[in-house]
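Undergrad: Fold the stuff below for me.
(2 chains, ligands or ions: 4)
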Amino acid sequence: MTYFADKQPLVADIFSRYPDSPQGRRSALMPLLREVQDAEGFVSELRMAEIASLCGTTATEVRSVMSFYSTYHTVPTGRYHLQVCSTLMCALKGSDELWDELVTQLDVQPGEVSPDGRFSVQKVECLGSCGTAPMMQINDDGYYENVGPAKCARILESLRHDLQPLPDNLVPVTITADGRQTLASGEVVGTSITGLTRLPEHAGGDV
Amino acid sequence: MKVVVDGVELDLPAGTSAIDAVFQSGGDVPYFCAHKYLSPVGACRMCLIESGSPRKNPDGTFVMEGEGDAATPKIFWFPKPMASCTMQATEGMHIRSAKTSEVVAKAQAGMMEFTLLNHPLDCPTCDKGGACELQDRAFEYGYGASRFGFDRRHADKHYPLSKYVILDQERCIHCKRCVRYFEEVPGQEVLDFIERGGHTFIDTEEGGLPTGFQGNITDICPVGALLDNVARFRGRNWEYDHTPTTCTLCPVGCSITVDARNGRLERIVAGENRDVNEAWICDAGRFGHSFASHDRLTVPLIRGADGQLHAADWDAAITAINRGLAGQNMDDLALYIGADSTLEEGLALESLAELTGTKHVDHWPRYEVNITAPAATLTDVATADLVVVIGADLGEEAPVLELRILEMLRGGLLPAEFDHGTAIADLRLIERPVRKPEKLVVIGQESGLWKHAGTRIPANGLSGLTRLATPDTDDLRAALKALEDAKAPVIILGADALNGASGSFASTVASLASRTGAKVMAIPAGPNSRGLAALNLVPRRGGLGYAQLAQAPAAFISRLDPGVKARGFTVVHDTHLTSTAQLADVVLPALTNYEKRGTTVNLEGRLLGLEQAALSSGEAADLIRTLSALAEALGVKAKVRGLRGAQTLAAAKFGLKLESVPPRGVIHPLPTATTAPTGQVHTPTLWTERMQVPRGDSARAEHINSLIGMELPMTAVQPGGDD
Ligand code: SF4
Ligand code: SF4
Ligand code: FES
Ligand code: FES
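TA: Ligands and ions are numbered 1, 2, ... in the order given. Take a look at the predicted model:
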């Protein structure tokens, strides 16, 4: 069964975002991969070939592109795919210990899925939350920050009951129409071109 | 454009890359990822140079340095060494290579250290040893030591990408030549980098490499990562006798180097001929060679009283032929040769036919038609603005012609030529080039080229051309219109169009060509049919053609295997004991074209030379010597008794100087081809059965086992001694 056979509108929508040329078709590679990855948890060889023929390229190129990103998987993942950042900041703050804890507790290694189909694990490069190291991402839902032993245990416990604890920080960070970012809590952070805060008038006299 | 390289001022054509500027100055730059016929990408960072350019003031004058008359434009140097393969040399640019710049020398040595960071240094066992660019460059430009003390990364070592190509992932230095080759040359993107960073490796997801042109990546891999599996572990580069010669498996006539060791043909690699095959050859040409050293006939065989063939010497064979033909008229002896025989051999045959007066002369394969329209060269094909291919399956008839057509589709850019040869980095070549399929019309049956063509018109046999000349569908009308509108169109005619073609076909071609200004390339049936056709080697009036061999009163057959013998006495001259040889009365051992000197004529009409590789072939003889032996048996004295004689004859008859054909060949107008009905259809097949019995997987395993089974001359080690 092909994946996209009954999803023609979706395919058309994805292609419509790119120029209508052979090169443009090839650019649709990533969203198509994303689609399969989200739905099936990984991209099988069959799907790679399917996407290749949709984009007018070869399965080799599809695999080449997807293997460049750690977010695409060639092997099945569990319902909860735990990604532990192992880059320097997190490593200094104990990501190795966190990793050891996970693989011992869950008895899975990279590329495996726990027998109950719940868990898979992966080491990833910097997730951009170095200030709250060590951190972990579950699926692509959110960031769990400052994951020490106690927090790790809590998270695993709830996941075992299929209760995914609320992430400390949602990803992707919501960006409003004017380019402003909002935290999971709804708090507005940063700024945007339109929403620049006006500086107070100079209070003093002449400069 | 004036460019100063290492203090020497050069005058260079615009568009020259910095790397070519250095080479043009007589200097040297180490490089791994750049390749003459591939796009420069700057992946290896080895070709570093220092460069700087003059700068202009706002008023258009140069920023100067120095006082008064001694003032010169000030050169603004880039703050760091740059990759020269992706940099264009510009007016007034100054370049310093490692010869004059310590910075460059140091940077290159450092780069070398990086490249060798994970390289396994299997040089003692790697087949590329002696031909490895990495090894040579490490020796010339490296520090000779590494500051990295940790263990090297390990990866898969014998990773088959296909039956013919083995990848050693550890040795790969990620130059991307193989990836770019597949993308840019045959247009099949079946190789790519998988994973990233320190884990990157080359692989295919397509379940193997496509046959056709996969072997070329073993030539261009600058290290021993991609190796020719047919030749792997058979010898080291310096052990081979390298013989540059011409491939005569098909009429393209690619330049190849035959590598022989201990008299065995172990490997064939591509040679460069800008006008013919650029730097590529097909898989048949590269991997189909094992027959040359396999089961060869090395001595003459004579059928004895017991009805069996027995080994003999040439004198006995000559006596046997003499006895066998006794009582027969000399002109009863039919003479048939394979169409890959050289021009010289053809001349010898023609002169013997004149001598004996036989009417039964022929060569095979050939067509009956003589196309007189202006002939296209391969460069014409590559630079055409429209190519119409009619009735051809290029994969079987002339594979490298297909590559030249694909080159045309991506713009027909031929790299410039310098004193140091073809431009090393031609900046006009780009990755993932835009192809223009509308420039290709294919009329005929589905073949490898089909999917690249903008217009595909199914047709059969001779009808393709006639229908193009007088179009009966919209597609054909459009194709004819495109042909008329094109400025430099080429029409290519293949076997399906030429089989059974007659004089009227030739005139249709000629009138279509003159009407549209097209040049025509009619692919000859055999590797040298075009040359042999110019020699009158077809049945004379009333003579029996090759198709009527079985009716001939007696026959001499050289390197053809029809599977039948003549009515009477039959002499077969061949390299192997073919089915025809098994029927023969006398079998004479022949040389393969790898072991011959001589000349062939390719599909452009280009004369190309053959050189003799050091293969052991016992008492085998080429056709010229065999024909003199035959003449001796017939009791006449052959006029052409050697290569020299044939060349003298060629000079006298046609004004051809065969002894001084330049390495790139030369196009020489040949005498009008003689034609005669053939009485049979020629189906081109590139890979003959003989070529396919390579040391296939099991045969190879057997061979290796037989080597291992060998007793080593060792005696038990005696313990003791005082060390
Ligand atoms: S396999 Fe050879 S040609 Fe291909 S990237 Fe590696 S080193 Fe370069
Ligand atoms: S294209 Fe023809 S001449 Fe060239 S290597 Fe192949 S068989 Fe030989
Ligand atoms: S190092 Fe872990 S998030 Fe950056
Ligand atoms: S960077 Fe590889 S040759 Fe220039």
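Undergrad: alpha carbons only for contacts and neighbour counts from here, please
TA: OK.
Undergrad: Taking chain B, what residue is nearest to ligand 3?
TA: residue B:197 (17.3 Å; CA to the nearest ligand atom).
Undergrad: Tell me how many other residues surround that residue.
TA: 8 (other CA atoms under 10 Å in any protein chain shown).
Undergrad: separation between it and residue B:204?
TA: Relative to residue B:204, residue B:197 is positioned 18 Å away (CA to CA, to the nearest Å).
Undergrad: mind checking how far the most centrally placed residue in chain A is from ligand 4?
TA: Closest to where the C-alpha atoms of chain A average out (CA atoms, centre = their mean) is residue A:140, at 3.7 Å. The gap separating residue A:140 from ligand 4 is 38 Å, by CA to the nearest ligand atom, to the nearest Å.
Undergrad: Okay, now the unreliable bits of chain B?
TA: B:693-723 (pLDDT under 70).
Undergrad: Kindly recompute the last result at 80.
TA: For chain B, residues meeting the criterion pLDDT under 80 lie at B:692-723.
Undergrad: Find the residue at the geometric middle of it.
TA: In chain B, the centroid-proximal residue (CA atoms, centre = their mean) is residue B:254; its distance is 3.0 Å.
Undergrad: is it true that it touches residue B:269?
TA: No: between residue B:254 and residue B:269 no contact is recorded; they are 10.6 Å apart, counting by CA atoms under 8 Å.
Undergrad: How many residues are close by residue 16?
TA: Went with chain A since none was named. 13.
Undergrad: if you could check chain B rather than the one you did, that'd help
TA: Neighbours around residue B:16, by other CA under 10 Å: 24.
Undergrad: what residues are up against it?
TA: By CA atoms under 8 Å, 6 or more residues apart in numbering or on different chains, the residues touching residue B:16 are B:88, B:89, B:426, B:427.
Undergrad: near ligand 3, which residues of the stretch 1-150 of chain B show up?
TA: For the stretch 1-150 of chain B, no residue is in contact with ligand 3 (CA under 6 Å from any ligand atom).
Undergrad: can you map out the helices along the stretch 1-150 of chain B?
TA: For the stretch 1-150 of chain B, the helices defined by DSSP state H, counting those that start in this stretch cover B:18-24, B:102-115, B:133-141.
Undergrad: next one: chain A
TA: A:8-16, A:22-27, A:29-40, A:45-55, A:59-68, A:88-92, A:95-106, A:149-160 (DSSP state H).
Undergrad: Save those helices as a markdown table, and put in mean pLDDT and distance to ligand 1 too.
TA: Putting the helices of chain A into a markdown table (pLDDT from 0 to 100; distance: least, CA to the nearest ligand atom, whole Å) gives the following:
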| stretch | mean pLDDT | distance to ligand 1 |
| --- | --- | --- |
| helix A:8-16 | 95 | 32 |
| helix A:22-27 | 90 | 22 |
| helix A:29-40 | 94 | 23 |
| helix A:45-55 | 95 | 22 |
| helix A:59-68 | 95 | 13 |
| helix A:88-92 | 95 | 30 |
| helix A:95-106 | 95 | 33 |
| helix A:149-160 | 94 | 42 |
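Undergrad: want to throw these into TSV with distance to residue B:380?
TA: Converted to TSV, the helices of chain A look like this (distance: least, CA to CA, whole Å):
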stretch	distance to residue B:380
helix A:8-16	39
helix A:22-27	28
helix A:29-40	38
helix A:45-55	33
helix A:59-68	33
helix A:88-92	59
helix A:95-106	64
helix A:149-160	69
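Undergrad: Any idea which of these gets closest to residue B:344?
TA: When the helices of chain A are compared by CA to CA, helix A:59-68 sits nearest residue B:344, at 48.7 Å.
Undergrad: Just the buried positions in the closest one, please.
TA: Residues of helix A:59-68 classed as buried: A:59, A:60, A:61, A:62, A:63, A:64, A:65, A:66, A:67 (neighbour count, 16 or more other CA atoms under 10 Å in any protein chain shown).
Undergrad: gap between residue B:631 and ligand 1?
TA: For residue B:631 relative to ligand 1 (CA to the nearest ligand atom), the value is 53 Å.
Undergrad: Can you get me a residue count around that residue?
TA: Neighbours of residue B:631 (other CA under 10 Å): 21.
Undergrad: For it, which residues are in contact?
TA: B:352, B:637, B:638.
Undergrad: ditto for residue B:233
TA: residue B:127.
Undergrad: what about whatever residue of the stretch 501-650 of chain B ends up closest to chain A, distance to ligand 1?
TA: Per CA to the nearest CA, residue B:518 is where the stretch 501-650 of chain B lies closest to chain A, at 30.5 Å. Distance from residue B:518 to ligand 1, counting by CA to the nearest ligand atom: 39 Å.
Undergrad: Same check on residue B:674?
TA: 47 Å.
Undergrad: which residue sits closest to that residue in space, ignoring its chain neighbours?
TA: Nearest non-adjacent residue to residue B:674, counting by CA to CA, 6 or more residues apart in numbering or on different chains: residue B:536, 5.3 Å away.
Undergrad: likewise residue B:617?
TA: residue B:298 (5.5 Å).
Undergrad: Just to check, the one you found is in contact with residue B:619?
TA: Yes: using CA under 8 Å, residue B:298 is in contact with residue B:619, at 5.4 Å.
Undergrad: With neighbour numbers in mind, choose between these two.
TA: residue B:298 (20 against 15).
Undergrad: Return the backbone torsion pair for residue B:513.
TA: phi -70, psi -40 (degrees, to the nearest 10).
Undergrad: partners of whichever strand or helix holds residue B:597 in the sheet?
TA: Secondary-structure element containing residue B:597, defined by DSSP states H and E: strand B:595-601. Strand B:595-601 pairs in its sheet with strand B:606-612 (antiparallel), by DSSP bridges.
Undergrad: For residue B:609, which residues are in contact?
TA: Per CA under 8 Å, 6+ apart, neighbours of residue B:609: B:245, B:246, B:597, B:598, B:599, B:600, B:661, B:662, B:663, B:665.
Undergrad: Now list the buried members of these.
TA: Buried members of those, scored by 16+ other CA under 10 Å, are B:245, B:246, B:597, B:598, B:599, B:600, B:661, B:663, B:665.
Undergrad: Looking at the residues you listed, spot the one nearest ligand 4.
TA: Nearest to ligand 4 among the buried ones among the contacts of residue B:609, with distances taken as CA to the nearest ligand atom, is residue B:663, at 27.8 Å.
Undergrad: Am I right that that closest one falls within a strand?
TA: No: applying DSSP: H, G, I helix; E, B strand; the rest coil, one finds residue B:663 to be coil, outside a strand.
Undergrad: Could you check how many residues crowd around the residue in chain A that ligand 2 sits nearest to?
TA: For chain A and ligand 2, the shortest gap (CA to the nearest ligand atom) falls at residue A:58, measuring 25.6 Å. Residue A:58 is flanked by 24 other residues according to other CA under 10 Å.
Undergrad: follow-up on the earlier one: could you look over the helices of chain A and pick the most buried one?
TA: Comparing the helices of chain A by mean neighbour count (mean count of other CA atoms under 10 Å in any protein chain shown), helix A:59-68 ranks first with a mean of 22.
Undergrad: Can I get that helix in PDB, CA atoms only?
TA: The C-alpha coordinates for helix A:59-68 follow below in PDB (Å, rounded to 0.1, in the frame of the first residue of the first chain):
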ATOM      1  CA  ALA A  59      15.600   6.600  -3.200                       C
ATOM      2  CA  THR A  60      19.400   7.100  -2.700                       C
ATOM      3  CA  GLU A  61      18.900  10.900  -2.500                       C
ATOM      4  CA  VAL A  62      15.900  10.500  -0.200                       C
ATOM      5  CA  ARG A  63      18.000   8.400   2.100                       C
ATOM      6  CA  SER A  64      20.900  10.800   1.800                       C
ATOM      7  CA  VAL A  65      18.800  13.800   2.800                       C
ATOM      8  CA  MET A  66      16.900  12.000   5.600                       C
ATOM      9  CA  SER A  67      20.100  10.500   7.100                       C
ATOM     10  CA  PHE A  68      21.500  14.000   7.400                       C
END
